[in-house]
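> below are the sequence and a predicted model for it; my questions follow.
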Amino acid sequence: MEFFLQLLLNGVVVGSIYSLVGLGFVVIYKSTSVLNFAQGEFLVLGAYICLTLTVQYQVPFFWAFLLTLVFSALMGILTERLILRPMIGEPVISLIMVTLGLSSLLKAIVQGIWGTELQPFPNIFPAEPVRIGPLPVSQGYLYSLLSVAVLLILFTLFFKYTRSGVAMRATAFSQQVSLSMGISVKRIFALAWSIAAVVSAIGGVLLAGVRGGLDGAMAFFGLKVIPVVILGGLDSIAGAIVGGPIMGILENLAGGYLDPLVGGGAKEVAPFVVLVLILTIKPYGLFGKIKIERV
Amino acid sequence: MRCGDFRQSYAEDMSLFESPLPRVLLAGLLVFLLVLPGFASTYWLDVLSRIFIAIIAATGLNVVTGYTGLISLGTAAFLAVGGFATAAMAGKAGLPFVVVIPLSGLLTALVGLVFGIPSLRLKGLYLAVATLAAHYIVEFIVTHWDAMTGGVNGISVPPAHFAGLALSDDRSMYYLILPVMVGLLFFTKNLFRTKVGKAFVAIRDQDISAEVMGVDVFRYKLLSFAVSSFIIGVAGSLLAYQARLISPENFPITLAIDYLGMVIIGGLGSILGSIFGAIFITLLPEMLRLATDALGSYWPSLMVIVAPIKTGVFGLVVVLFLIFEPDGMAARWNHIKAYWKLYPFSY
Amino acid sequence: QQEIKVGGIFDLTGVTSDVGKPFAQGVQDCVAVTNDAGGIGGKKIKLLGADYGYKIDQARALYKKFVNDDKVVMIQGWGTGDTEALKDFVGQDKIPYFSGSFAAPLSDPSKFPYNFFVAPTYSEQLRSWLDWVKQDYGKGGGKGKAKVAFMFGDNAYGKAPLAAGRKYAAEIGVDVVDEAVLPPNFQDATSQLLTMKQKGVEYAYINVTTTGVSLVLRDAKKLGLTVKFGSNPYGFSESLVAVAGPLAEGVTGVVPHVPFGTPVPGMKMLEAAHQKYHPTDKHDAMYVRGWASCLVWTEGLRGADKAGQMNGPGVKAAVEKLADFSTGGLSQSVTYTPADHRPTMTTSIYQIQNGKLVKIGDYIMPRTKEWFGL
Amino acid sequence: MLELKNVEVIYDDVILVLKGLSLQVPEGKIVALLGSNGAGKSTTLKAISGLLHSEEGEVTDGGIFFEGQPVHELPPEIVVRRGIFQVMEGRRVFEDLTVEENIDMGGYTRNDRAGLRADKEACYEFFPRLRERRKKLAGYLSGGEQQMLAISRALMARPKLMMLDEPSLGLAPLLVAEIFRIIKRINEERKTTILLVEQNANLALSIADYGYIMENGRVVLDGDPDKLRSNEDVKEFYLGGGGESGKKSYKNLKFYKRRKRWLS
Amino acid sequence: MPLLRVNNLILHFRGVTALSDVSFEVRRGALHAVIGPNGAGKTSLLNCISGVYRPQRGSVEFEGKDVTRLSPASRTRMGVARTFQNIALFRGMTVLDNLLIGRHTHQKEGLLAGGIYYGPARREEIANREVVEDIIDFLEIQHIRKKVVGTLAYGLQKRVELARALALEPKLLLLDEPMAGMNAEEKEDMARFILDINEDRGTTMIMIEHDMGVVMDVSHRVTVLSFGEKIADGTPQEVQGDRAVQEAYLGQAQ
Ligand SMILES: Nc1ncnc2c1ncn2[C@@H]1O[C@H](COP(=O)(O)OP(=O)(O)OP(=O)(O)O)[C@@H](O)[C@H]1O
Ligand SMILES: Nc1ncnc2c1ncn2[C@@H]1O[C@H](COP(=O)(O)OP(=O)(O)OP(=O)(O)O)[C@@H](O)[C@H]1O
Ligand SMILES: [Mg+2]
Ligand SMILES: [Mg+2]
């Protein structure tokens, strides 16, 4: 029983970091209908910037973190200006492809500046785990749970009640019609990408903190999180939040119960199988909006 | 100068070529490709063979993604199925390649069919994730079914034999791959001017209206998956013959993404697009490496420094390319053609 | 003036570039130093190094180019991916292929006559570590059999020593009670560790790279596991200490190539090259590993040059004449024969003590027939 | 207020659609733009609003001037801020947004909260059906309801110049009459200038102050409504009145092909 | 026996009732109009007949067979074709290809024959092409034959959609506002085509249309819907005189 509970709880906390990274995806998807394949690189970039500030420039962690967020916001704006603006009005699939190109580009920049070797990341969380009842939880994950909760509220309010939030959703539906309303698609893109970059940077710093070391391989998290956001529904903030823990639990249960039976590897595959099953029942994820098809 | 089209019969209007000129050019290209091994170095033959295989697989992916509108991230998995099927049939059962290649294709088609089933309900990126699942499931099976696939260590593939000769060098591989590619391109090109292909495109453009036109949408989606994975399976089979040893590491998920890149950059829903895309994505790293190698040989210590530049330039080229030609290379090509056809009366 | 062309297939940007890059730098610096010192019999080595990003087809393309267009005499390769994919080709084309993959089958010349590496095989490494386990368990007053787990990635590198390890454990009376797969780029090993906890594991060998080892250590600490961990040479170097910090205390590991800066005679060269070529870079055992590999094959090239056989078979023959060749302490002395490519049977086990890698013993395995190639 | 001088528009770098079009919309007036399918009416509106850019179209010659300033180089969102609002052909509502959110987006460029609230109320007054459907997703509305929503968005923007592309499309007769009454009211009460593209020439001319007739990318005829209405061709092709005999039955007019005199 | 019979259809979407208990018949060869205010459920009715929507209650009988549970595709194979209010053409394809897809149900060639092309597939394609060209000539859209549909003006797209439906050679043709967005001249043309199709080809039709002039002139019978209910059914004259219809739909103007 304790074994089961531990797996469950661990799934939830580890999943919260999936949620955090997933939020970046959702924000971009919600405002541009684009699946951002460069998300992983944003994570890495954010973490490296924070690392450089704290280690090389000896900025206290708190300020370094804030500066990182500012940097990331600028990165988002820069990305919009240089890469996405010329693509306004182009088919979504080309935009998705552009993010793949962007990911190569960012990867090269990261490797060029910081190299490929594993670098130690400052110990931002005490190694001592916190106990929830009898169950130990790493502190890093607690922060990610916390950030996820805060962001959930912020984003839900933003997309529902602010004009920019609604305009973002409108832009995702049709850039042309949005333009005709006087909505500046450029601004919306810039806003969406900076928000996503900021969220990613938070995720990146937390992840690197949990790992203790940083190298480009962390970018794989971008890919890893795609099934999570699909599970929740690509355009749903709540979906990403719920999807992460579900994925985490699935992984843990598969790892705990199936792995010993099949000789390992189930932890990676089994969640996918469940995912497809869930999708056949709910084709737009748990909370994704259904694409309206009327004739 | 030709200043318009004059056609006498529907048959003529429906032919693949708009005028004799392209027909001649194509024939010329074929002859050139046939005699090329006479003077090209084996390295370049190898590069060409890889391009051909990429063209085949990209065409296969284009069938399902470009023409039918079902985004697939399963290309690497289907290549793997074709490859390991070949390894098993050629290696363990000792079958000749004329049987092995089509059978590998068929087996992959079957697998594709199974993974196409979610397309009954899933659309767009949600379906893409189902194919992503297909990738990981196939990978799991391939790494764990040691008896059949050699597991993580991979499995050797005996060279194809033709008339008692082992097709083990680059030249003979080239001659094995070229006709398969030409045949499959011919097949696909034709497919899309007849009923089945048109039904695929109809589903992509407007699935409700396709259904109302009498197209059994689900059946045709499955068919599209089957055709696509058949073609990719054949590519996988050729890949196995060429690589001679395949392991799960040959088919990472990034490969599937590369292929998606090929069809998007080349042009979705265009055979020519698959060809351009495959050439571009296969050749670009090769070219970049030649360039950085040249740099590296002048300043050896640069090797480590220029390596990421290669990745960066690749990304940059992709980005710039899409900015300037978001509809793919094939669209640009058609544009140029349209322009010159009417030249100098371009309006 | 003639040149000797050597191909280099490295991972500078791919999934293993964290260790692939310093390895490549080691090779490159070693070549530069050799050339500065006059090269091989007056001929300079031209290292045609290139990055394959851990993409198998790129490795094959490079290989074809090196062999067919550039006519290299040998190749310094890198990881399991490229080495496995090319092992049949190198035999066919008679191109000596040195790699950073130490899989045991590659040491059997009757199957792979042109493959070489400079370290005890992965299998010997694990056997040696198991020896240490048995010893340590006895010292600690453990009764019965020590309970051991293997943790590994689901890939060729991760699984390479498993079969040997299982068999040897049974032979010496160590109980392998659990085998746990660590998925690629995993972030969390809690479920695996919980299972290990249930099974009462006392020692675990982690056969993944540094990041993975560090993550396992973290989660183990979180769960309060008292398991004694050991690691393979790609997960155990100075950077593990840097990344895992205090968590790494007491972890043991296989060290076929000494940490950078270890006071052995051979290290002077490395330190000089480091000063000369890139004084700001950090170096670790991976850099030493590349260097050691290069020292061995440059010696082979010398032999081939003397024999006037500067070609694949010539280099192979020369390398196979090396007997107890010393790399100046960078690694164990190596010996190759035409019938046996196991370079050395000695494995050094280190332990992290007070943030330093400290050698705790050399474990020498018998050069037996049964273990050959396994 | 708005002036098009010899405008030429090319799509995709090759398809020439507007071939030197000139027209004027005086302040405070309603101008009707009529023309057969494919004449380029929608293209004209898109050229003015700047939406052409997102369809690979380009103004290659001539100029478009709004209140004396050239606007044909401006991006659409700026054009809207200058006070030109286009209701696009074919409804184009944000299907994923609720009716209310759609209406809010119409007022995106405005900041006077009180005014916005009042205008939203006015929209619901004009179209009570929308009030009922306020919280529903716009994608599920019927065709006519979507058309009401599209017009409401324009009302919310309070533009100086409102361009309507076939506002009566798909509306039931009762509503068509209603819509035109509303257009007239907007024009009179808010002094909004209106450029109206419409197939229902009868109604369009009944509220317009001036009319243009387009064929093939050019203006072929213009004048005040009375002049247009009395033109034989206009009667025949746009008003559905036969040359001599007033209204005729659709049933009896089979098999004969007419010629347009202005094309000859 | 009527060609089509609709019995007590009930259709609702989460809270919205689109059809409540609608029944009517269409006899063979008729040109049947459906009118009603916006949101009355006309399009939904058509969707139920063509199979795009599945009603919660009630049945649809075509040629005496109950087709309520059949998929749209199988109804098409039985001879039901339609056009859409919001134009649902294959936008990326040429006009010709759009029409050729309309021939889908009449083609027998399979995957292999198609891929090999030369031989039976080619003969069949040419035969189809001839049928399609006849329709193109009939609807006078020769000049746009090779144009990509998405770039055509609205009115022309409507005509192409009609052509595509005709390519199916249907027994029952459902038209959803075929004349929306047309000027008087074009409406006349369209009316002429519709009459020709009905009279010369003998195709039965159901047409939704808001232009009362057209409806009164061409249709044989009219069904009026309002708020999902059938409020009238009869000849054009009867319906025009009906008080309820005048109030709900026509207003005083007509
Ligand atoms: N995006 C486009 N690309 C290419 N050609 C286009 C595009 N949009 C319109 N056209 C062409 O421009 C011409 C004019 O189209 P437009 O839509 O302006 O006509 P319209 O007068 O509004 O007709 P309708 O009354 O049917 O709406 C048509 O021939 C059409 O084919
Ligand atoms: N798929 C759907 N989901 C939810 N509601 C729907 C759906 N389809 C139609 N409706 C609702 O059903 C009602 C009837 O719609 P329908 O499209 O049938 O009207 P209509 O008579 O065709 O109107 P119009 O003349 O405006 O086209 C509308 O209120 C609409 O909002
Ligand atoms: Mg128009
Ligand atoms: Mg309708």
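Thanks, I have the structure now. Numbering: from 1, shown residues only, chains lettered A, B, ... in the order given. Ligands and ions are numbered 1, 2, ... in the order given.
> can you pull the phi/psi pair for D:Ala32?
Dihedral pair for D:Ala32: phi -100, psi 140, per degrees, to the nearest 10.
> what's the neighbour count on it?
24 (other Cβ atoms under 10 Å in any protein chain shown). To be clear about C-beta, it is placed using only N, CA and C from the backbone, and glycine gets the same treatment.
> state the distance from it to D:Gly20.
Distance of D:Ala32 to D:Gly20, given as Cβ to Cβ, to the nearest Å: 21 Å.
> same check on B:Lys92?
The spacing between B:Lys92 and D:Gly20, counted by Cβ to Cβ, is 75 Å.
> now E:Val218
E:Val218 is 40 Å from D:Gly20, by Cβ to Cβ.
> between these two, which one's more packed in?
Ranked by neighbour count (other Cβ under 10 Å), E:Val218 and D:Gly20 place E:Val218 first, with 21 against 14.
> so for the more buried one, what's the pLDDT?
pLDDT for E:Val218: 89.
> is it in contact with E:Leu31, as I believe?
Yes - the pair E:Val218 / E:Leu31 is scored as a contact, 6.1 Å apart, by Cβ atoms under 8 Å.
> flag every residue of the stretch 151-254 of chain E that's near ligand 3.
E:Tyr154 (Cβ under 5 Å from the ion).
> poorly predicted segments of the stretch 151-254 of chain E, please.
Across the stretch 151-254 of chain E, residues meeting the criterion (pLDDT under 70) sit at E:251-254.
> quick one, strands of the stretch 151-295 of chain A?
Counting by DSSP state E, counting those that start in this stretch, the stretch 151-295 of chain A has strands at residues A:213-214.
> show me where pLDDT drops low in it?
Judged by pLDDT under 70, the stretches of the stretch 151-295 of chain A that qualify are A:294-295.
> could you point out which element follows the helix ranked longest in chain D?
If you go by DSSP state H, chain D has its longest helix at helix D:173-190. As assigned by DSSP states H and E, the chain's next helix or strand after helix D:173-190 is strand D:193-197.
> can you confirm whether that next one lies near chain E?
No - judged by Cβ under 8 Å from any Cβ of the partner chain, strand D:193-197 makes no contact with chain E; its nearest approach is 10.2 Å.
> tell me the buried residues in that strand?
Judged by neighbour count (16 or more other Cβ atoms under 10 Å in any protein chain shown), strand D:193-197 contains these buried residues: D:Thr193, D:Ile194, D:Leu195, D:Leu196, D:Val197.
> can the residues you listed go into TSV with extra columns for distance to chain B and pLDDT?
As requested, the buried residues of strand D:193-197 are exported to TSV (distance: Cβ to the nearest Cβ, whole Å; pLDDT from 0 to 100):
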residue	distance to chain B	pLDDT
D:Thr193	33	93
D:Ile194	33	93
D:Leu195	27	94
D:Leu196	30	92
D:Val197	25	92
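> overlap in contacts, E:Val218 and E:Leu31.
E:Ile194, E:Leu195 (Cβ atoms under 8 Å, 6 or more residues apart in numbering or on different chains).
> now do the strands in the stretch 1-150 of chain C.
Going by DSSP E, counting those that start in this stretch, the stretch 1-150 of chain C shows strands at C:3-10, C:44-51, C:74-76, C:97-98, C:115-116, C:147-153.
> so can I have a markdown table of those strands showing mean pLDDT, mean neighbour count and distance to B:Phe192?
Formatted as a markdown table, the strands of the stretch 1-150 of chain C follow (pLDDT from 0 to 100; neighbours: other Cβ atoms under 10 Å in any protein chain shown; distance: least, Cβ to Cβ, whole Å):
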| stretch | mean pLDDT | mean neighbour count | distance to B:Phe192 |
| --- | --- | --- | --- |
| strand C:3-10 | 92 | 24 | 41 |
| strand C:44-51 | 88 | 24 | 39 |
| strand C:74-76 | 94 | 29 | 45 |
| strand C:97-98 | 94 | 26 | 46 |
| strand C:115-116 | 94 | 28 | 48 |
| strand C:147-153 | 93 | 24 | 43 |
